[in-house]
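> no sequence for this one, just the structure:
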């Protein structure tokens with residue numbers, strides 16, 4: 001009886017996981033399918049998963065600058081997202097370390113202030129940030145987006161890394177300092193290797209925020225040559241480019257950098273704790 005119950009529980013678990021995977025993956029499968037379907041197959045009912053006459057015409061059109069400047073939008077988004085997430089991680093490392101290890105007046109107030117800033121939605125920050133950007137003469141520049149995205153990423157980056165730094169035994173760092181390491185050497189030789197998984201996760205999180213952001217990019221950028229992917233892709237929905245296959249192809253190409261970034265850092269994330277232990 002016990003074996004029957006265990007088998008039934010395992011089967012139920014596998015079925016539940018399978019249904020969940022199908023539910024999560026079905027939009028991506030249909031997106032891939034639609035990107036390879038010719039126009040005459042886009043509106044068939046019931047929809048087909050495997051196209052009868054697969055074509056790459058939609059990808060050719062998306063990557064053709066005379067039809068749609070996808071590569072220009074891609075370059076702008078990549079530059080802004082990479083710089084914003086990288087700077088946010090660098091600033092967050094030192095800021096969160098001070099929260100976790102140093103004692104100074106006003107530390108608690110600053111920490112609560114960081115969380116308070118994170119509670120404000122992006123809509124509430126558009127007008128004040130726009131006024132600041134205009135007064136600094138940064139309107140319609142990539143720098144305006146980088147500054148704005150750092151403001152968005154930094155609070156959660158400080159919170160995540162601060163909690164992770166607190167989980168690193170302080171005795172390891174103290175032993176390194178006793179052995180002659182300075183505070184900065186202890187950070188770079190002990191704390192950072194041990195915190196590699198958290199740092200990589202924060203970087204990916206920040207990159208995704210900047211990569212997918214639409215609101216601030218639509219307000220701060222006016223030149224066509226500086227528009228990011230979310231702004232560029234939105235044009236596919238209300239211009240002559242309103243073609244389902246083209247939209248799905250562009251959406252799939254937009255998702256590739258995040259997937260590649262995660263897969264390239266995955267080994268670094270899983271190996272971060274072991275590497276830190278060896279270096280210490």
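In hand now; what should we look at? As the structure is a computational prediction, the values presented were derived from the model and not from experiment. Residues are numbered from 1 along each chain as shown.

> the helices in the stretch 151-280 of the chain, which residues?
In the stretch 151-280 of the chain, helices defined by DSSP state H, counting those that start in this stretch lie at 170-178, 183-186, 192-194, 196-212, 215-220, 229-234, 244-279, listed in chain order.

> Let me know which of these is the nearest to residue 35.
helix 244-279 (4.0 Å; CB to CB). In this view, the C-beta of every residue, glycine as well, is placed from N, C-alpha and C.

> To which secondary structure element is the nearest residue to residue 65 once chain neighbours are set aside assigned?
In this structure, residue 65 finds its nearest non-sequential neighbour in residue 71, 6.5 Å apart by CB to CB, 6 or more residues apart in numbering. Assigned by DSSP states H and E, residue 71 falls within helix 70-101.

> pLDDT below threshold where in the stretch 1-150 of the chain?
Within the stretch 1-150 of the chain, the stretches with pLDDT under 70 are 1-2.

> what about the stretch 151-280 of the chain, any weak spots by pLDDT?
238-242, 266-280.

> Okay, domains of this structure per the record?
By the assignment in automatic domain parsing, the chain contains the domains 2-55, 60-279.

> Just name the most buried of those domains.
domain 60-279 (a mean of 17; mean count of other CB atoms under 10 Å).

> mind listing what the residue nearest to residue 220 when sequence neighbours are not counted touches?
Distance criterion CB to CB, 6+ apart; nearest residue to residue 220, sequence neighbours excluded, is residue 144 at 4.5 Å. By CB atoms under 8 Å, 6 or more residues apart in numbering, residue 144 lies in contact with 133, 138, 220-221.

> Now for residue 142: which residues touch it?
Contact analysis of residue 142 by CB under 8 Å, 6+ apart lists 76, 79-80, 226.

> Just give me the closest of those residues to residue 35.
Using CB to CB, the contacts of residue 142 come closest to residue 35 at residue 76, 22.4 Å.

> related to what we said a few turns ago, what helix or strand does the residue nearest to residue 220 sit in?
helix 142-167.

> list the contacts for residue 105?
Applying CB under 8 Å, 6+ apart, we find residue 105 in contact with no residue.

> So it, which state does it fall into?
At residue 105 the chain is in coil, as set by DSSP: H, G, I helix; E, B strand; the rest coil.

> quick one: contacts for residue 257?
Contacts for residue 257 (CB under 8 Å, 6+ apart) come out as 78, 211.

> Name the nearest residue to residue 86, sequence neighbours excluded.
residue 203 is the one closest to residue 86 (CB to CB, 6+ apart), at 7.2 Å.

> Wait, residue 148 touches residue 216, no?
Yes - here residue 148 reaches residue 216: they are 4.7 Å apart, a contact under CB atoms under 8 Å.

> which neighbours do those two share?
Common contacts of residue 148 and residue 216 (CB under 8 Å, 6+ apart): residue 129.
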